[in-house]
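1. I would like to see how this sequence folds:
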Amino acid sequence: MQTTTPPIQLPPVYSQLMQHAIFPQVTHDEIARYNFLANLNKHLATVIAPANAVAFEKRVRPAFQRKQKRDFDSREEVKTAMQRDPQYQTWSALRRSTMEMRQQAGRSLVLRQAETLANRAQDLNAQSPNTLILNPTVKVPHYLAVMDNHCMPGSYHTELLDKDVSAAANYDSGIFVTTAGGLGKLSDGGGKAIAQYVKTHFPTFAPKRILDIGCGLGHNTLPIAQAFPEAEVIGIDIAAPMLRYGHARMVALGIQNVKFIQADAQFTDFKTESFDWIQSTMFLHETSFRAMYGIGREIHRLLKINGLTLNIEQPQYSPDMPLFEQFIRDWDAYHNNEPFWGKMHDIDVRTWMSDCGFKKDKMLQFGARAVNDNEDHTKPRLPEIEDHGRSAVWNVFGAWKSACVREGG
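-> Numbering: from 1, shown residues only. The predicted model follows:
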């Protein structure tokens, strides 16, 4: 009996990324290194990772049930048991190694040209000086100042030289690796996805003022601005290197309706009810539990009546999500310097939005898939194997602001 081997799903090659004017220069060997790491990530996700579920069902769970005379009660129990299994140990060690190698590769190529990139950003930013507003009095929250997100030394905010952009250049050049090229030529598949969804499902919604919180280098801000060219779009972040680079990137791409402002999302100076749409993309899981509520209340304050807020994240750990899946998704919390990941995904997002002032009958929750402009859309899309925690299918939650909700909840 013949069996059909499923087609191999290879990531795009690194040369398919758009080399815009502020993008770091990469050598042949650096491109080869990134291509190797992207393929290794894809292999781990589609070949090695599925074996974790097999090990769980065939070895780990039966052994636990025999010993404890019951099934698992929590993902923490699953974690304790799975950490002893060689299959999981191998996958986890390889995945952590790819993160460290990706950061080493990105940092080395960026640091050798750090001054050149800073000067290039400065020249581009000088072309539109009124749309980049930095505030050196903005303090990095303590919960961010003490960790290196995603194993990135210095995280998003550390400055190594005057007018530094190296953290953002590292992120821009290397997100291709961690997503296996799944976010498109400008790594902006998240912003394109949400803009596409809003225009399709709310065709009469015409926001005049849009706020993107935790915008980073703006790779999700800019496609929203392009989709709504008549709107004023503002991206805020606490990290000056990200904003300098993101603004230079905007100028390089010829986009003119975005302003980048350094600000803490909990404590902005914007006027009450001054935005039609407030967006966050893969941002809330990098804030503390307390800060998340402060940010939610600030979103509610800033949003106009009948305005829209949306947040893109990975799926929440709902009661109907299997404990094994919760455990695998929680890998980032323990091994990728994402300490708030598990706590954020544990909360009931509808309760969070309600506590921040939104009415439950005005809330939205849906799935969105990244828009990848590197895909060949003439061919049928292959079914994706879920890489828990790094899927291109996201959970989007938000709400319309109702006029009958009292400010402050």
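2. From now on I want contacts and neighbour counts done on CA atoms only, so please keep to that.
-> OK.
3. roughly how far apart are residue 198 and residue 229?
-> 14 Å (C-alpha to C-alpha, to the nearest Å).
4. Under the pLDDT cut-off, which ranges of this protein? List them.
-> Scanning the chain for pLDDT under 70 picks out 1-8, 375-392, 404-409.
5. one more time with 80
-> 1-9, 146, 374-393, 404-409 (pLDDT under 80).
6. what sits against residue 169?
-> Counting by C-alpha atoms under 8 Å, 6 or more residues apart in numbering, residue 169 makes contact with 23, 24, 110, 245.
7. if I look at the first one, how far off is residue 36?
-> Meaning residue 23. In terms of C-alpha to C-alpha, residue 23 sits 20 Å off from residue 36.
8. Repeat that for the third one.
-> Summarising the geometry, the distance separating residue 110 from residue 36, computed by C-alpha to C-alpha, is 18 Å.
9. now swap in residue 21 and tell me
-> 25 Å.
10. what about the helices in the stretch 151-300 of the chain?
-> 166-178, 189-201, 221-227, 240-252, 289-302 (DSSP state H, counting those that start in this stretch).
11. most packed of those helices?
-> helix 240-252 (a mean of 26; mean count of other C-alpha atoms under 10 Å).
12. quick one, that helix and helix 166-178 angle?
-> In terms of direction (axes from the mean of the first three to the mean of the last three C-alpha atoms, to 10 degrees), helix 240-252 departs from helix 166-178 by 70 degrees.
13. Identify all contacting residues around helix 240-252.
-> Contacts for helix 240-252 (C-alpha under 8 Å, 6+ apart): 20-23, 121-122, 124-125, 127-128, 131-132, 134, 156-159, 163-169, 216-219, 222, 237, 256, 258-262.
14. Which entries within the residues you listed meet the buried criterion?
-> Among the contacts of helix 240-252, the ones that count as buried by 16 or more other C-alpha atoms under 10 Å are 21-23, 121-122, 124-125, 131-132, 134, 156-159, 163-169, 216-219, 222, 237, 256, 258-262.
15. Those in strands, which ones?
-> Judged by DSSP state E, these include 132, 237, 258, 259, 260, 261, 262 as members of strands.
16. still on that earlier bit, may I ask which two of the contacts of residue 169 are separated the most?
-> Farthest-apart pair in those is 110 and 245; separation 12.7 Å (C-alpha to C-alpha).
17. which residues touch the most centrally placed residue in the chain?
-> The chain has residue 282 as the residue nearest its centroid, 3.4 Å off, counting by C-alpha atoms, centre = their mean. Neighbouring residues of residue 282 by C-alpha under 8 Å, 6+ apart: 311, 312, 313, 314.
18. Kindly calculate the angle that the top strand by length along the chain makes with helix 289-302.
-> Taking DSSP E as the criterion, the chain has its longest strand at strand 303-313. Inter-element angle recorded for strand 303-313 and helix 289-302: 140 degrees (by the same axes, to 10 degrees).
19. list the buried ones in strand 303-313?
-> So for strand 303-313, counting by 16+ other C-alpha under 10 Å, buried means 303, 304, 305, 307, 308, 309, 310, 311, 312, 313.
20. ok, so of those, who is nearest residue 46?
-> Nearest member of the buried residues of strand 303-313 to residue 46, counting by C-alpha to C-alpha, is residue 313, at 21.3 Å.
21. How about the closest one: which residues does it bridge to?
-> residue 395 (DSSP bridges).
22. Return the residues in contact with it.
-> 281, 282, 283, 284, 285, 394, 395, 396.
23. Please convert those to TSV, extending it with distance to residue 145.
-> Shown next, in TSV, are the contacts of residue 313 (distance: C-alpha to C-alpha, whole Å):
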residue	distance to residue 145
281	21
282	19
283	16
284	16
285	15
394	27
395	28
396	28
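24. these two touch, right, residue 174 and residue 108?
-> No. The pair residue 174 / residue 108 is not scored as a contact, 11.4 Å apart, by C-alpha atoms under 8 Å.
25. anything in contact with each of the two?
-> Contacts common to residue 174 and residue 108, judged by C-alpha under 8 Å, 6+ apart, are absent.
26. Residue 219 is in contact with residue 192, isn't it?
-> No. Between residue 219 and residue 192 there is no contact under C-alpha under 8 Å: 9.5 Å.
27. Okay, and residue 41 sits in which element?
-> helix 28-43 (DSSP states H and E).
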